[in-house]
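[1] Let's see this in three dimensions:
(one chain, ligands or ions: 1)
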Amino acid sequence: MKTTKELFDNNRHWAKRMTQINRRFFKDLAGQQTPKYLWIGCADSRVPANEIVGLLPGEIFVHRNVANLVIHTDINCLSVLQYAVEILEVEHVIVCGHYGCGGIEAAVEDQRHGLIDNWLRHVRDVYQRHHHQLKRAKDKPSLLRRLCEFNVKEQVVNVANTTTVQDAWRRGQSVCLHGWVYDIHDGLLKDLKVSINKDNRPANPYKALEMTVTRAQGLAFKGKKQRQVSRRPQAPAAKRSVDG
Ligand code: CO
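    Presented below is the predicted three-dimensional model:
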């Protein structure tokens, strides 16, 4: 393990390297930040947002917490989102989970971990909501991978349902939401294809979850047509979305 002195040495080398590449790098950066992306990811040290998407400081605004959750009462995350959308005017909000997430794994274990269990309860809720699909997983690793994906999709919906994003879309501001998963085993990102923007968002924000789960079932969201299908009395949409 490196000592903290080594970190300061590294820092000086890094700052020198950056100014060698671009003499005005820090001068320009200190003046303003104009990131186009907000990244909401896991706190896991193996998933450094800037690096895995090849962006420099100043190019991506980042919020991280255990298991990349967007909770409606988390003032920390909501404040980051508001600042990013309303002041920085980011064009994309990316919720990025990762396979091999300790938070996801801990959430399905039948043992206590202390305080963090209250936070991970949100993942457990996702697990229970999609239990019918998840129980079909062939083994525990694939169950955890699927849960990781469901969790990201639900967090995208949570972002969509925030007052910040709803207001932005109402103003006509272009903010596109995305759900991705990073694989720590090969360093590659996977797009879960649940992107939502002001043009394809459901009129009723609470329809968003239905849309996302429907996609998870392998059916394409087709706006009006899909909504008509989901109204069929023999296949209640609300029940489908709850059962996953
Ligand atoms: Co994690």
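[2] can we go C-alpha only for contacts and neighbour counts from here?
    Noted.
[3] what ranges do the strands span in this protein?
    Secondary structure of the chain (DSSP state E): strands located at 37-42, 60-65, 92-99, 176-183, 188-191.
[4] can you pull the buried residues of the shortest one?
    Of the residues in strand 188-191, those with enough neighbours to count as buried (16 or more other CA atoms under 10 Å) are Leu189.
[5] Need phi/psi at Gln33.
    In terms of degrees, to the nearest 10, the main-chain angles of Gln33 are phi -120, psi 140.
[6] Could you count how many residues lie near Lys5?
    9 (other CA atoms under 10 Å).
[7] Mean pLDDT and distance to the ion added to the strands of the chain, as a markdown table?
    Listed next are the strands of the chain as a markdown table, based on pLDDT from 0 to 100; distance: least, CA to the ion, whole Å:
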| stretch | mean pLDDT | distance to the ion |
| --- | --- | --- |
| strand 37-42 | 98 | 5 |
| strand 60-65 | 97 | 8 |
| strand 92-99 | 98 | 6 |
| strand 176-183 | 96 | 10 |
| strand 188-191 | 96 | 14 |
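[8] Can you convert those into JSON lines and add a column each for distance to Thr163?
    Listed next are the strands of the chain as JSON lines, based on distance: least, CA to CA, whole Å:
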{"stretch": "strand 37-42", "distance to Thr163": "16"}
{"stretch": "strand 60-65", "distance to Thr163": "18"}
{"stretch": "strand 92-99", "distance to Thr163": "15"}
{"stretch": "strand 176-183", "distance to Thr163": "14"}
{"stretch": "strand 188-191", "distance to Thr163": "25"}
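[9] Contacts for stretch 61-68, please.
    35, 37-44, 49, 77, 80, 84, 95-97, 101-104, 120, 123, 152, 155 (CA atoms under 8 Å, 6 or more residues apart in numbering).
[10] The most centrally placed residue in the chain: what's it in contact with?
    By CA atoms, centre = their mean, the chain has its centre lying nearest to Val95, at 1.5 Å. By CA under 8 Å, 6+ apart, Val95 lies in contact with 39-41, 68, 152, 155-156, 177-180.
[11] next one: phi and psi at the residue in the chain that the ion sits nearest to?
    Relative to the ion, the nearest point of the chain is Cys101 (3.6 Å; CA to the ion). Torsion angles at Cys101 (phi, psi; degrees, to the nearest 10) stand at phi -80, psi 120.
[12] wait, doesn't Val93 sit right on Ser174?
    No - counting by CA atoms under 8 Å, Val93 does not reach Ser174; the two are 10.8 Å apart.
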